Each structure stands twice: as C-alpha cells, then as structure tokens.
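A.B. asks: need coordinates for the following:
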Amino acid sequence: MKKARTAGPSIPFRVVVPNRVDIAGGTLDIYPLYLLIGDAMTVNAAVAVCSEVAVRPFRRGAARLFSGNFGIAVTAADTHGFSLGGKMGLLSRGLRHFPAVSGVEIRMRNVAPVGSGIGASSALLVALMLAAGRLTGTACPRDETALAAMEIEAAHLKSLTGRQDHMAALRGGIQGIRFSPGRVETLRLPPGGPAGTMLRDHAFLAHTGIAHHSSDVNWRMIRGAIDGDGRVLRKFRGIASAARDAWDAVSAADPRGTGAAIAAEWTIRKTLAPGVSTAGVEDLLPDRRFRRLVSGAKLCGAGGGGMLFGLLRDPGDREAVEVLLSGARMSILPFRISGGPRFEEIGNGD
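C.D. replies: You can find the predicted model right below:
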C-alpha cells in the first residue's frame, strides 16, 4: 500500500456521470454469457439521470466519505480506511484501487432511487473512480476504468456483473456494444444527432415504485445458459437478434423499428426467469389503450421493478401515455440523452 498523501484537492471539484437505459440486449453484457450466445450485442442510451461525486479539502490526517442517498458519513485516517462492508462498501473498495489520500472529503449522490435498474450504483462507482484518478494523478484510460469498475463490483457483490453500465457512464450518448472473444467493440451515436433526436421525441421513462435486485434476477436468467440449457440459449439468441435489430433501427433514427425491437426483446426477456416482470407492468403493457399509443416498452436492466422505458408511436401522445403511467402508480421522469462525464469546479459550500 502506498503511503497516504496528506494534501486534499487544491480546488474542490465535482464529477457528474450519466446513468443508462438499456434499449435491448441487457444481460448479454455479462461474462461469460456473451461468449455462449455468439454475435451478442447490447444497445443502451446514457440519460440525464445522473450520479455525482464532489471532492473537497478536509482536516489534516483524516478522510471523510458521505452518502447523500443514505445520509451516512464515515471518517478514517485516509481513503483506504473505510470499511468494505455496509451500504458504502462498494465505493470504499473502489477507493482502494487508487493511492491512499487524507485531508479530503468525498460526497456522493445518485439522482435515481435505489433499485432503479438504470445502472446508478455502477455509474456512481465510475464517478468515484474518475474523481479519485484526478485527485491522485493516477487516472486511467476509459476502457481500463470500465473494466476495473466491473471487476471491483463483481468482487464486492460476489456475483457476475455486466459491462454496459460503466461504459455508458464513461462515454455517454447512444451505444451499440458488440462482444466477441478478447474484444469489445463500442459504437457510439451522439446525443444531438438524428438518433438522439428520435429518442428525445419518442422515448419515455417512468419508475414503477418497486426496487429491484439485479444480481438475483440476473443469476436466475443466466444459470440455465451456463448449464447449457438449449431452451434458455435459444431465448438469449432471440434477445441478441432483437438487440441487433434495435441498433439498426436506432442508427436509422427509425422509431417504429426501434419500438418493435424493444417489444420483441421484452416478449422474450420476461419468460427467462420468475420475477423479471411485475404485476403492474403485466397489467399495463397489454392494455389496449397503452398498446395503441406505445410501440414497445420494457423494464430496464434485469427487470423485477425499477424503471419502465418505452417508445411513443406519436410524440403528440406523450400526455395521454403519462396519464396511463400515473394511473398505474408510476412516477414520470424526463427523458433526455446525456453526453459523457463532466468535471466541474465548485465552491466549498456546493
């Protein structure tokens, strides 16, 4: 372990990174599933629901870690001294990837509620690692940061984790991520291009009010594939095909084709394991009024609750769809495509 550096940041700063909506192909980003499927792809969009980390000077010979979501603050001699257990254990583990520092306060916050399914905890880890890299002068290239964040998360959860959350947080925009042995190819469409404009006009996002637990649901989905269950493997191949169709449609700024791919993906995904869908979603999506207005919708991430994402057939029907979502006791969030990470100088009181 390197000796703790006593100086905190010379200028307080904040790192803000986006969360993501998986349009199609989620779960396929989990090793080794994409190797078992072949031609696997995940398509996502970084959204302006953010995770942020602020770094400020603190008293000499100490470090402080504060979670705005949990209202928890812990103090240690340096940034390697925080416990690896409890609600901030993942972030404490992330700090140990960098040289120890004292004389610093790190404040963290997710805009999204816990269990949202849009990769908020992973994005917060990425924001913390970007902040720690700047603080210690040991920042890594983007792809190295994404891989390290994924493995830190897997080590903490003692479970399989995917790659798309970290990549979306680091790149922003709309991504098509192709997986092959030894290589991950990431294609990106900018937020302000035709694809971003199409999603801005047609997409919606709503929270179901139910928190999900992705590791449990993901494992129920993929264990059959790892065991070689042909039925499960066929379903995942169908999800991979829907993801490729989604990328083609998004790239062409085609809302009808994108909605059809989302609907096809969800039709398969909800049959992969118990608990992927919810009673409220199963009541809403087949509703004749909802289907008339929406071309495709799905729960984000592993499902089981969290955020519902979908595409309007006509942007003029947004208000009518929001009435239906509210009637299903869901909370509407603005849908905006986001760029990549932002570093901002801040005052001590911010």
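
A.B. asks: mind listing the helices for the chain?
C.D. replies: Along the chain, counting by DSSP state H, helices occupy 33-37, 89-95, 120-136, 142-157, 164-171, 194-202, 214-226, 230-251, 255-269, 279-284, 288-293, 318-327.

A.B. asks: so which of those gets nearest residue 23?
C.D. replies: For residue 23, the closest of the helices of the chain is helix 230-251, at 5.2 Å, according to CB to CB. Using the backbone N, CA and C atoms, a C-beta is placed for each residue, glycine as well.

A.B. asks: reformat the helices of the chain as TSV; add mean pLDDT and distance to residue 177.
C.D. replies: TSV is the format used below for these (pLDDT from 0 to 100; distance: least, CB to CB, whole Å):
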stretch	mean pLDDT	distance to residue 177
helix 33-37	94	9
helix 89-95	97	22
helix 120-136	97	14
helix 142-157	94	10
helix 164-171	96	6
helix 194-202	98	15
helix 214-226	79	17
helix 230-251	97	9
helix 255-269	97	15
helix 279-284	95	25
helix 288-293	98	30
helix 318-327	98	29
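
A.B. asks: looking at the ones you listed, which is buried most?
C.D. replies: Counting by mean count of other CB atoms under 10 Å, helix 164-171 has the highest mean neighbour count of these, with a mean of 28.

A.B. asks: tell me how far the residue lying closest to residue 235 once chain neighbours are set aside lies from residue 217.
C.D. replies: Nearest residue to residue 235 in three dimensions, chain neighbours excluded: residue 268, at 5.2 Å (CB to CB, 6 or more residues apart in numbering). Counting by CB to CB, to the nearest Å, the separation of residue 268 from residue 217 is 15 Å.

A.B. asks: likewise for residue 50?
C.D. replies: Residue 50 sits 24 Å away from residue 217, going by CB to CB.

A.B. asks: about what we covered before: how about the helices of the chain, which one is nearest residue 179?
C.D. replies: Among the helices of the chain, the nearest to residue 179 by CB to CB is helix 33-37 (3.7 Å).

A.B. asks: what's in contact with that closest one?
C.D. replies: Here helix 33-37 makes contact (CB atoms under 8 Å, 6 or more residues apart in numbering) with 27-28, 40, 179, 181, 222, 225-226, 233, 236-237, 240.
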